[in-house]
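Participant: Coordinates for the following, if possible.
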Amino acid sequence: MTLRLRLAHTADLEPAELDAARALLDEAFGGGFSEQDWEHGLGGMHVLLQDRAGLAAHGSVVMRRIRHRGRWLRAGYVEAVAVRPDARRTGLGGRVMGELERVIDRAYDLGALSASEAGAPLYTARGWQRWGGRVHALSPDGIVRLPEEEGDMYVRPALAGPLDPAAELVLDWRDGDIA
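Facilitator: Residues are numbered from 1 along each chain as shown. I've put the predicted structure just below:
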């Protein structure tokens, strides 16, 4: 299978490429990928893998701020990872993650993501660590705990070094799903 990989910032993608990525995410998530989910994946770097049939896989990494042990860290936050249903289990998700991890490891203090139960094995197989501590967000009303996110957060320490699960992660605020 001949694949073409493209790594590009949102600003450098053509409207047709963005439309194809959005359509892939809708298909991959069975219509459960909201407009806010899509917006969370914009403004950073995208990995697009094309095969003969079109866009086969996509993922993006965007900059977020996460506070840990009193220090705000630059986090490469993974978003919008999907593989076209007919191309699943062929290693494309790993290829996308490899490129995103390269960006994270070179440009951010840590990597972070929120994984579904179905998606978690991809990340753990690549060395992402399930976050065992508390998760909070800096909301318009102050810091709020997000217990529903605490089993779904994964981290990649990168430049920050080891993280202490006894200290919480505080994510910056955004509309829609915080994590």
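Participant: hey, let's count contacts and neighbours off CA atoms from now on
Facilitator: OK.
Participant: Show me the strands in the protein, by range?
Facilitator: 4-9, 45-51, 54-68, 71-83, 110-114, 129-130, 135-139, 142-145, 153-156, 169-171 (DSSP state E).
Participant: State the mean pLDDT of the fourth one.
Facilitator: Looking back up the chat, that one is strand 71-83. Averaging pLDDT along strand 71-83 yields 96.
Participant: that older thread, quick one: closest of the strands of the chain to A20.
Facilitator: Set against A20 and scored by Cα to Cα, the strands of the chain come closest in strand 54-68, at 6.7 Å.
Participant: For the closest one, the averaged confidence score.
Facilitator: So the average pLDDT for strand 54-68 ends up being 97.
Participant: And stretch 152-169, what's buried?
Facilitator: For stretch 152-169, a neighbour-count test (16 or more other Cα atoms under 10 Å) marks D152, M153, Y154, V155, R156, P157, A158, L159, A160, L163, E168, L169 as buried.
Participant: from the chain's centre, how far out does it sit?
Facilitator: The chain centroid and the centroid of stretch 152-169 are separated by 15 Å under Cα atoms, centre = their mean, to the nearest Å.
Participant: quick one: terminal-to-terminal distance for that stretch?
Facilitator: 13 Å (Cα to Cα, to the nearest Å).
Participant: what does stretch 44-64 give?
Facilitator: The first and final residues of stretch 44-64 sit 10 Å from each other (Cα to Cα).
Participant: what's the longest helix seen in the chain packed up against?
Facilitator: Longest helix of the chain, by residue count under DSSP state H: helix 92-107. Contacts defined by 3 or more Cα pairs under 8 Å, 6 or more residues apart in numbering; DSSP states H and E place helix 92-107 against strand 45-51, strand 54-68, strand 71-83, strand 110-114.
Participant: relative to strand 4-9, how tilted is that helix?
Facilitator: Orientation of helix 92-107 against strand 4-9 (axes from the mean of the first three to the mean of the last three Cα atoms, to 10 degrees) gives an angle of 40 degrees.
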